[in-house]
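> quick one, structure for this:
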Amino acid sequence: MTMEKALIRCSWCGNDPLYIKYHDEEWGRPVRDDRVLFEFLILEGAQAGLSWITILRRREGYRKAFAGFDVHKVAVFTADDVDRLMNDPGIIRNKLKVNAAIGNAKLFITIQKEFGSFADYIWGFMPGNEPLIHNIRDLGGLPVRTEISDDISRDMKKRGFKFFGTTICYAFMQATGMVNDHIEGCIARY
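As a prediction, this is how the structure comes out:
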């Protein structure tokens, strides 16, 4: 048996090299960098109704289309930028999602001003500002929402954020390491 076959991973990443790299190097690892948090806010919103691999395969397209996920640049996108994005085959061309990303950028900046950083705001919902580590033996034990994701989503909706319901919020929490949902024995579990 080769070393690769002996490794245990969460089965959701399958054999796709892009998914495996994302699983091994990013998913479930705590992120406190506002640029990366903004990136996942845009990507998770774009995912609504789609599979994550669909978005992951377009990630570079999103980076180019959304100014390297520079929140200040995205916040001042104009109607011309919306038209440009709606003609960009590198992203999901959904006008509601595109407009939501721009509006969410403005709200993201408002939160940065209020809390010092978006990271301080979002991690402030976590007990002790630390990630939750779930003890999950198989994918059937993965939650799709929690009371914390409900609270975050409710607060962000109250602030005007779009495409950030509790299920998308929980996926954001998994992606940014606010929760560690790697199964027991997974090589990426910490």
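> so residue 48 makes contact with residue 172?
No - using Cβ atoms under 8 Å, residue 48 makes no contact with residue 172, being 11.4 Å away. Using the backbone N, CA and C atoms, a C-beta is placed for each residue, glycine as well.
> these two: which is more packed in?
Each of residue 48 and residue 172 has its neighbours counted (other Cβ atoms under 10 Å); residue 172 has more, 25 against 19.
> quick check: closest non-adjacent residue to that one.
residue 44 (4.6 Å; Cβ to Cβ, 6 or more residues apart in numbering).
> tell me where the protein is predicted with low confidence.
Counting by pLDDT under 70, the chain has low-confidence residues at 1-6.
> show me where it has helices.
Using DSSP state H, the helices of the chain run over 3-6, 17-25, 34-47, 52-56, 59-65, 71-75, 79-86, 95-115, 118-123, 147-158, 166-175.
> so what does the fifth one touch, helix or strand wise?
This means helix 59-65. When contacts are defined as 3 or more Cβ pairs under 8 Å, 6 or more residues apart in numbering; DSSP states H and E, helix 59-65 packs onto helix 34-47.
> packing partners for the helix it packs on?
helix 52-56, helix 59-65, helix 71-75, helix 95-115, helix 118-123, helix 166-175.
> and these as CSV, adding distance to residue 81?
Below are those laid out as CSV (distance: least, Cβ to Cβ, whole Å):
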stretch, distance to residue 81
helix 52-56, 20
helix 59-65, 9
helix 71-75, 9
helix 95-115, 8
helix 118-123, 22
helix 166-175, 23
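> most tightly packed of those?
helix 166-175 (a mean of 22; mean count of other Cβ atoms under 10 Å).
> so what touches that helix?
26-28, 31, 40-41, 43-45, 47-48, 52, 143-146, 148-150, 152-154, 156, 164, 178-179, 181 (Cβ atoms under 8 Å, 6 or more residues apart in numbering).
> cool, and stretch 111-123?
Here stretch 111-123 has contacts from 31-34, 37-38, 71, 108, 124, 129, 152, 159, 176, 178, using Cβ under 8 Å, 6+ apart.
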